[in-house]
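>>> Got a sequence here, can you build the structure:
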Amino acid sequence: MKAFRSCVAWGGLVAAVGLLAGCGQGSGPLAEGDDGEVDVAELKGQPIQELQPEKDPFLLPVDDSPMATALANTKIVFDAKLPGSKPVAINFMAEGNWHDELGRSGRYTVEGTTITLTDVDGVSTKQQFPRENFATGDQVTVEMTKGQQALLKKQGVEVDPENPVYQAEITGLGIADAFTAEVPNPTSPAEPKEPAVPVKIGDYSLLGFDRLASFAYEVPDDPITEPKAKKILESNEIPESIKKFDGQKVALKGFMLPLKVEDGLITELLILRDQSLCCYGAVPKINEWVSVRMPGNKGVKPIMDVPVTIFGTLKVGEVLENSYLVGIYEMDGERLDGPIDL
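Okay, the predicted model is just below:
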């Protein structure tokens, strides 16, 4: 008992195994003085390490820098003024989560005046603010994702390959809206599931983006004339369950983005998975849109902001423009109808 009291006086709280080892170095006997008391000066145990709770790297709080402090619990409305884009409000929570009005969410980090938004799929984009005490009217420089570059190129927007960015204006500030859903860790897209019985409307197979966009596909930054870009392109693989629709008649539901208008009718358009693909902070994937060409005498009227169903013949495979990859799906359109539940 005397040895126990001496150990507590010297080191505070110790583990039971330390007591059995004599509270000293190694497993030798305790050093005792002439009176039987332990000589504290002879004790050379290791200092007790403070136990740190295990941290989930995806749920770390943001720092207390001026920028992070200004962002916490703040809602910012961004207007990118890109083709088909609409202003989007993003809520920055104090815990490092973000979510927007379109249902997207993820984590954000702050370094100086640069914010990195990472979505639940693990795709990140950087936003460079002009100052820490940001205000309405400020211009934010936004890094384009590879998918966004390909989508904008398909829309005829010039993208500087050396500096792929665009400007977005802060058009509103407010208190962040609460978000209670748990932010999941990033996961890889699941392999598309084969339906038990193909669903058809006449000769057209019903097809949705839940299948077309259910696999990973890397977009090279450079034209495929560059060896590195060619290698990336050749490493991609479109699943056989998707390839089988090449040359087949399909009915596809999505949102319209007009590209070319003749005599008031749209002859070239994109069918997008959802309306958010062109909005600020979007990280569109190259398999989330289909480029559609209508016959010259079969242009369609614009139907915006509601889902439509396009009927036609699907083409599956890389689409190149000026040696850049701009898509993997095309369609020879035949007609356009209202939404069909796919």
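
>>> So which bits of the helix or strand harbouring Ala70 are buried?
Element membership for Ala70, per DSSP states H and E: helix 66-71. Applying a neighbour-count criterion of 16 or more other Cβ atoms under 10 Å, one finds Met67, Ala68, Ala70, Leu71 buried in helix 66-71. C-beta: built from backbone N, CA, C; applies to glycine.

>>> How many residues are close by Glu237?
10 (other Cβ atoms under 10 Å).

>>> For it, what are phi and psi?
Note on Glu237: its backbone torsions stand at phi -140, psi 120 [degrees, to the nearest 10].

>>> got a pLDDT number for it?
On the pLDDT scale, Glu237 is placed at 93.

>>> Tell me the first helix or strand C-terminal of the helix or strand containing Leu259.
Per DSSP H and E: Leu259 is located in strand 249-262. Using DSSP H and E, the helix or strand that directly follows strand 249-262 along the chain is strand 265-272.

>>> Which other helices and strands does that following strand contact?
Packing contacts for strand 265-272, counted by 3 or more Cβ pairs under 8 Å, 6 or more residues apart in numbering; DSSP states H and E, involve strand 249-262, strand 289-293.

>>> So which residues make contact with that strand?
Strand 265-272 is contacted from outside by 151, 154-155, 252, 254-261, 278, 284, 288-296, 299-302, 308, 310, 331, 333, using Cβ atoms under 8 Å, 6 or more residues apart in numbering.

>>> if we can go back for a sec, now the strand holding Leu259: buried residues?
The neighbour-count check on strand 249-262 (16+ other Cβ under 10 Å) flags Lys249, Val250, Ala251, Leu252, Lys253, Gly254, Phe255, Met256, Leu257, Pro258, Leu259 as buried.

>>> rewinding a little: rounded mean pLDDT for the helix holding Ala70, please.
Computed over helix 66-71, the average pLDDT equals 90.

>>> May I ask you to confirm that Ile170 belongs to a strand?
Yes. The assignment for Ile170 is a strand, going by DSSP: H, G, I helix; E, B strand; the rest coil.

>>> what's near enough to touch it?
Ile170 makes contact with Ile76, Val77, Phe78, Phe134, Ala135, Thr136, Gly137, Asp138, Gln139, Val140 under the criterion Cβ under 8 Å, 6+ apart.
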